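> Sharing a model prediction with you, sequence too.
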Amino acid sequence: MSDLAAVRPILETLVGFDTTSRHSNLALIEWVEAYLDGHGVPHRRVPNADGSKSNLLATIGPAIEGGAVLSGHTDVVPVDGQPWTSDPFAIVERDGRLYGRGTCDMKGFLALALAAVPDLLAAHPRRPVHLAFSYDEEIGCLGAPSLIETINRELPAPAVVVVGEPTDMVAVNGHKGIANFEVTVTGREAHSSQTQQGVSAVMAAVKLMASLTELSERLERDADPASPFTPKGATLTIGIVRGGTAGNILARQCRFMFDLRCPPPLDPETILADFFAQVRTMDAALRARAPEAGVRIEMLSNVPGFAPEPGGAAEAFARRLAGDNGPPRAVSFATEAGQFQRGGLSAILCGPGSISQAHQPDEYVEISQMERGVAFMRRLVEWSASAG
């Protein structure tokens, strides 16, 4: 990888696929497979249950232990309602930046990894490099578990995993976990002047949301001042509320969603134990007033936190390749690194771009960041070709 010229056309192609999580990612996967076929690189899919989406796993080099996994997700967040000044699915260069959905989060890293394939092959690698591309990271890291299970079952044990989320091309050794929940309160409709005849789902839901608000404030007060995260403690936010049909009707249903982000080793289900008990009590009380009423809570996702590894192999590896001698770093957003760690693999976050640009209109990655990524991959090729 002599320069960015090998990376940019790949990035342009990847960004051109609208892989918003609500869509399939198979067109992108098929393109990557054709690219790998052109270089004689073996690969396999790890699909979801209905085959509409897929992870991709490929290996460059010998089938031996001690390899490096380059991991990234193929999906992106929606552009709906965002004031983009250019086509989100076409690369535009301005002022030293490459604009487009996913340039930062995280197709820039995927393009760097794919562009390194010819150089890895030409170097006659003595240690393998594995590509692990996932689906549905943006809606709860749903694809990675089956991908990790396949890696552990089928590959000779890798030594390190680099998850290429945007970290400004420096090593990040910790992140919070995230658990997402949806609460559905069902009541009984009635005229608002006849409250004895119905059950307001909205008014019941307000009580639950008040409890979560109090919990959120307590979590903030109880945060460990020595925590490396910003904010330091666990955070709880209610993101969506929907309910009711008219101001003079007792609402039949109210739904709300909330997320809880916990620094490791805090556990969301332990933190929410009292809230779960309140839900059960309210469910019984509402059913006593109307058999069709009640409360249901569903955990939509639960992504584990990522804890620093004392003497972590992946951190030392990424720092060496990135030329990073800075202090330890942790971030508050969740990634697949915690899942890799839970799967028994040494992991680290290191990729081009800044999280401050992710999910934004006019998302971009600095060209200088991509150039640092090229240097990272060049050192990866050298590592792969060495005896260790």
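Sure thing, it's come through.

> What ranges does this protein have for its helices?
8-16, 26-38, 107-115, 117-122, 144-154, 201-221, 268-271, 273-289, 313-322, 337-342, 367-385 (DSSP state H).

> Give me whichever of these is most buried.
Across the helices of the chain, averaging neighbours per residue (mean count of other Cβ atoms under 10 Å) puts helix 107-115 on top, at a mean of 28. Bear in mind the C-beta positions are built from the backbone N, C-alpha and C, glycine included.

> May I have it as PDB, with CA atoms only?
Provided in PDB are the C-alpha atoms of helix 107-115 (Å, rounded to 0.1, in the frame of the first residue of the first chain):
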ATOM      1  CA  LYS A 107     -16.200   1.900   5.900                       C
ATOM      2  CA  GLY A 108     -12.900   3.800   5.900                       C
ATOM      3  CA  PHE A 109     -11.300   1.000   8.000                       C
ATOM      4  CA  LEU A 110     -12.900  -1.700   5.800                       C
ATOM      5  CA  ALA A 111     -11.400   0.000   2.700                       C
ATOM      6  CA  LEU A 112      -8.000   0.100   4.300                       C
ATOM      7  CA  ALA A 113      -8.200  -3.600   5.200                       C
ATOM      8  CA  LEU A 114      -9.300  -4.600   1.700                       C
ATOM      9  CA  ALA A 115      -6.700  -2.400   0.000                       C
END
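
> How far does that helix sit from its chain's centre?
17 Å (Cα atoms, centre = their mean, to the nearest Å).

> Would you mind getting the angle between it and helix 367-385?
Counting by axes from the mean of the first three to the mean of the last three Cα atoms, to 10 degrees, helix 107-115 lies at 40 degrees to helix 367-385.

> What lies in contact with helix 107-115?
With Cβ atoms under 8 Å, 6 or more residues apart in numbering as the contact definition, helix 107-115 has outside contacts at 1, 6-8, 10-11, 14-15, 32, 35, 70, 72, 74, 76, 98, 102, 131, 133, 164-166, 351-353, 365, 369-370, 373-374, 376-377.

> 7 Å - rerun?
For helix 107-115, the surrounding residues in contact (Cβ atoms under 7 Å, 6 or more residues apart in numbering) are 1, 6-7, 10-11, 14-15, 32, 35, 70, 72, 131, 133, 164, 351-353, 365, 370, 373-374, 377.

> Let's have the helices of the chain in TSV, adding distance to residue 90.
Shown next, in TSV, are the helices of the chain (distance: least, Cβ to Cβ, whole Å):
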stretch	distance to residue 90
helix 8-16	7
helix 26-38	15
helix 107-115	13
helix 117-122	24
helix 144-154	28
helix 201-221	40
helix 268-271	39
helix 273-289	45
helix 313-322	29
helix 337-342	30
helix 367-385	17
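
> Any idea which of those helices gets closest to residue 180?
Among the helices of the chain, the nearest to residue 180 by Cβ to Cβ is helix 268-271 (9.7 Å).

> could you say what helices and strands that closest one packs with?
Applying 3 or more Cβ pairs under 7 Å, 6 or more residues apart in numbering; DSSP states H and E, we find helix 268-271 packed against strand 253-262.
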